[in-house]
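>>> below is the sequence, then the predicted model.
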Amino acid sequence: MLPFDRSWTLFLDRDGVINAEKVGSYIFTWSEFVFLPRVEEAIAMLSRIFGRLIVVTNQRGVGRGLMTEGDLETIHEKMRTHLMSLGGRIDAIYACTDIQEDSLCRKPNIGMALQAQKDFPEIDFTRSIMVGNSESDMEFGRRLGMRTVWITTKKPTPEPADLADEIHPSLWAWALTLGSR
């Protein structure tokens with residue numbers, strides 16, 4: 001039996017976990033959004049395991065005026081629709097567009113998680129997992145008492161290494177391990 005069930009919430013970073021990052025820039029349009037290999041299958045599998053799948057993403061490009069909220073919403077709606085067509089789901093997406101590092105919603109700060117819990121009161125952070133590819137993702141999870149999973153799309157390990165409970169090369173690779181637990 002899996003140690004995780006429908007009472008658990010999965011928090012996912014977007015860039016570098018769900019889609020390929022655009023190094024040195026931002027994803028401005030849906031045509032630039034490229035799913036990482038087997039992510040669609042991973043999200044379909046994870047949708048059957050976890051009660052909630054929540055995306056929490058820092059999107060400073062909006063705050064810098066390089067794209068609009070509407071541009072970001074279009075990308076996210078098309079991402080969700082595509083994943084749903086393949087049996088997956090994303091229950092909500094929280095995007096911090098602030099440019100200030102000390103913004104409550106900007107990871108590693110916990111504002112997006114608090115908003116998710118307000119919208120979905122059944123979320124228990126001690127029964128949640130944060131999957132990301134940056135130290136700020138891991139710190140976000142740790143500040144809330146979540147388990148953390150490091151995806152190695154930027155570098156092999158976080159610093160400090162103990163920020164991550166698990167390390168995997170991709171969301172798909174991690175999802176596969178859940179079937180063996």
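Yes, it's here.

>>> where exactly do the helices run in the chain?
39-49, 60-63, 69-85, 111-119, 135-143, 171-178 (DSSP state H).

>>> quick one: the ones you listed as TSV, columns for distance to Ala20 too.
Quick note: C-beta positions are derived from backbone N, CA and C, even for glycine. Formatted as TSV, those follow (distance: least, C-beta to C-beta, whole Å):
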stretch	distance to Ala20
helix 39-49	10
helix 60-63	16
helix 69-85	13
helix 111-119	22
helix 135-143	17
helix 171-178	12
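
>>> pick the most deeply packed of those helices.
Highest mean neighbour count of the helices of the chain: helix 135-143, a mean of 22 (counted as mean count of other C-beta atoms under 10 Å).

>>> so what's Ser128 up against?
Trp8, Thr9, Leu10, Phe11, Gly141, Leu144, Met146, Arg147 (C-beta atoms under 8 Å, 6 or more residues apart in numbering).

>>> which residues pair with the last one across the strands?
Here Arg147 shows beta-bridge partners Ile129, assigned using DSSP bridges.

>>> okay if I get the helices of the chain as JSON lines plus mean pLDDT and distance to Trp30?
Below are the helices of the chain laid out as JSON lines (pLDDT from 0 to 100; distance: least, C-beta to C-beta, whole Å):
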{"stretch": "helix 39-49", "mean pLDDT": "97", "distance to Trp30": "15"}
{"stretch": "helix 60-63", "mean pLDDT": "93", "distance to Trp30": "14"}
{"stretch": "helix 69-85", "mean pLDDT": "97", "distance to Trp30": "5"}
{"stretch": "helix 111-119", "mean pLDDT": "98", "distance to Trp30": "22"}
{"stretch": "helix 135-143", "mean pLDDT": "98", "distance to Trp30": "23"}
{"stretch": "helix 171-178", "mean pLDDT": "96", "distance to Trp30": "20"}
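
>>> any idea which of the contacts of Ser128 is closest to Ala95?
Closest approach to Ala95 among these (C-beta to C-beta): Phe11, at 13.2 Å.

>>> about what we covered before: out of the helices of the chain, nearest to Thr152?
Of all those, helix 171-178 sits nearest to Thr152, with 9.2 Å by C-beta to C-beta.

>>> quick check, distance from that closest one to the centre of its chain.
Relative to its chain's centre, helix 171-178 lies at 14 Å (C-alpha atoms, centre = their mean, to the nearest Å).
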